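what follows is a predicted structure for the sequence shown.
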Amino acid sequence: MPLISEHTFTSPFQNFTREQWKRLNGQLSHQIQEKDLDQLHALNEPLTMEEIEDIYIPLANLLEVHINNFQELHAKSNIFFKRNHQKLPFIIGIAGSVAVGKSTTARVLTKVLSLLPNKPKVELVTTDGFLYPNKELIKRNILNRKGFPESYDTKKLMQFLADIKSGKSQVTVPLYSHLEYDVLANDKLIISQPDVLIVEGINVLQVNSRKNGVFVSDFFDFSIYVDADEKNIVSWYIDRFESLRATAFQNSASYFHKYANLSEEESYKMARQIWNEINKPNLHENILPTRYRADLILKKGSEHFIKRVKVRKI
């Protein structure tokens, strides 16, 4: 019997080149200003108006279709069950590797979705705040596995998502400081009944991050995976580490101040070591295997710009 090639199987995704995707472009009622770009992109992650127009506006319009259908289903369910329950937030999960650009994607999408015609209230939450505090990670001897599934307080994250999906009027979210490299004990973010909630984190599509048989992604109405070739992600991680060494790490309050005086060569070696010992195993064991669980995959090229989009067929 002849071997069957993987290309024999039909893909559950529609594939779009950048050129094909941007032709799906729609219009927003208000345009993003050039001055907004600095607030939207992260360190060493370039962002242009062209990227927003070509990639994120079509994505926002696709999501608008899903959001409208979600709200229409809620309204019809109210009629069927003879009830008058308030509408619930539409939750979008964004996953991907460390240094791939999830935070930029999440911030841009938050901004663009808020400019849709009905001006939805859009909130953004990162799962960093649901990491165990450093003292707990040290107690469990897993500080060097921060970002791995076991380093998250999954019970607290699940409860947060359950509260959001139950329509609770106000839900508090713990905050994380990248300067202190720790969860902030006394600072909280209050989420108050958004129309759309974006949840961004490397772990959000992992199938081993669950409690009582429930996955984090079970609460999502749509999910996005930000993808790139590993060689590019490694390069971006090392470049970011070097940029931080010359800036944020110089702050004596920074957890990583110990790296501030490394030479360029030492900085490169340290970043490479951290990647190989922590981020690479996490990527291969926990993050990359979740890529095809997403509803949409944004594939980046070497310059951090999206070159291809995959959308799960409906």
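That came through, no problem. Numbering: from 1, shown residues only.

in this protein, where is pLDDT below threshold?
Regions of the chain meeting the criterion pLDDT under 70 cover residues 1-9, 26-30, 42-44, 207-212.

which helices and strands does the lengthiest helix in it pack with?
Longest helix in the chain by number of residues, with DSSP state H as the criterion: helix 57-80. Packed against helix 57-80 by the contact rule (3 or more Cβ pairs under 8 Å, 6 or more residues apart in numbering; DSSP states H and E) you find strand 90-96, helix 102-114. Heads up, the C-betas are built off the backbone N, CA and C, glycines and all.

strands of the stretch 151-300 of the chain, start to end?
171-177, 182-191, 196-200, 210-211, 214-215, 222-227, 296-300 (DSSP state E, counting those that start in this stretch).

distance of the nearest residue to residue 59 once chain neighbours are set aside relative to residue 97?
The shortest distance from residue 59 to any non-neighbouring residue, by Cβ to Cβ, 6 or more residues apart in numbering, is to residue 109 (6.9 Å). From residue 109 across to residue 97, the span is 18 Å (Cβ to Cβ, to the nearest Å).

about what we covered before: just the buried positions in the longest helix of the chain, please.
By neighbour count, with 16 or more other Cβ atoms under 10 Å as the criterion, the buried positions of helix 57-80 are 57, 58, 59, 60, 61, 62, 63, 64, 67, 70, 71.

now swap in stretch 191-203 and tell me
Neighbour count says stretch 191-203 has 191, 193, 194, 195, 196, 197, 198, 199, 200, 201, 202, 203 buried, by 16+ other Cβ under 10 Å.

one step back: only C-alpha atoms, please: export the longest helix of the chain in PDB.
Extracted C-alpha coordinates of helix 57-80, given in PDB (Å, rounded to 0.1, in the frame of the first residue of the first chain):
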ATOM      1  CA  ILE A  57      -8.700  46.000  10.100                       C
ATOM      2  CA  PRO A  58      -9.800  42.900   8.100                       C
ATOM      3  CA  LEU A  59      -9.300  40.900  11.300                       C
ATOM      4  CA  ALA A  60     -11.500  43.300  13.300                       C
ATOM      5  CA  ASN A  61     -14.200  43.100  10.700                       C
ATOM      6  CA  LEU A  62     -14.100  39.300  10.700                       C
ATOM      7  CA  LEU A  63     -14.300  39.400  14.500                       C
ATOM      8  CA  GLU A  64     -17.300  41.800  14.300                       C
ATOM      9  CA  VAL A  65     -19.100  39.100  12.400                       C
ATOM     10  CA  HIS A  66     -18.500  36.600  15.200                       C
ATOM     11  CA  ILE A  67     -19.300  39.100  17.900                       C
ATOM     12  CA  ASN A  68     -22.600  40.100  16.200                       C
ATOM     13  CA  ASN A  69     -23.600  36.400  15.800                       C
ATOM     14  CA  PHE A  70     -22.700  35.800  19.400                       C
ATOM     15  CA  GLN A  71     -24.900  38.700  20.600                       C
ATOM     16  CA  GLU A  72     -27.700  37.600  18.300                       C
ATOM     17  CA  LEU A  73     -27.600  34.100  19.700                       C
ATOM     18  CA  HIS A  74     -27.800  35.500  23.200                       C
ATOM     19  CA  ALA A  75     -30.800  37.600  22.300                       C
ATOM     20  CA  LYS A  76     -32.600  34.700  20.700                       C
ATOM     21  CA  SER A  77     -31.800  32.500  23.700                       C
ATOM     22  CA  ASN A  78     -33.400  35.000  26.000                       C
ATOM     23  CA  ILE A  79     -36.500  34.900  23.900                       C
ATOM     24  CA  PHE A  80     -36.500  31.000  23.900                       C
END
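
thought residue 57 was touching residue 21, still the case?
No - in this structure residue 21 lies outside contact range of residue 57 using Cβ atoms under 8 Å: 10.3 Å.

now do the SS call for residue 118.
coil (DSSP: H, G, I helix; E, B strand; the rest coil).

what about the helices in this protein?
18-22, 37-40, 49-51, 57-80, 102-114, 134-139, 154-165, 230-246, 264-274, 280-282.

turn these into TSV, columns for distance to residue 293.
Output for the helices of the chain, formatted as TSV (distance: least, Cβ to Cβ, whole Å):
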stretch	distance to residue 293
helix 18-22	21
helix 37-40	26
helix 49-51	25
helix 57-80	17
helix 102-114	15
helix 134-139	27
helix 154-165	16
helix 230-246	19
helix 264-274	27
helix 280-282	17
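
the ones you listed: which one's closest to residue 255?
helix 134-139 (8.6 Å; Cβ to Cβ).

and the closest one, what does it pack onto?
So helix 134-139, by 3+ Cβ pairs under 8 Å, 6+ apart, packs with no helix or strand.

list the buried ones in that helix?
Under 16+ other Cβ under 10 Å, the buried positions of helix 134-139 are residue 137.
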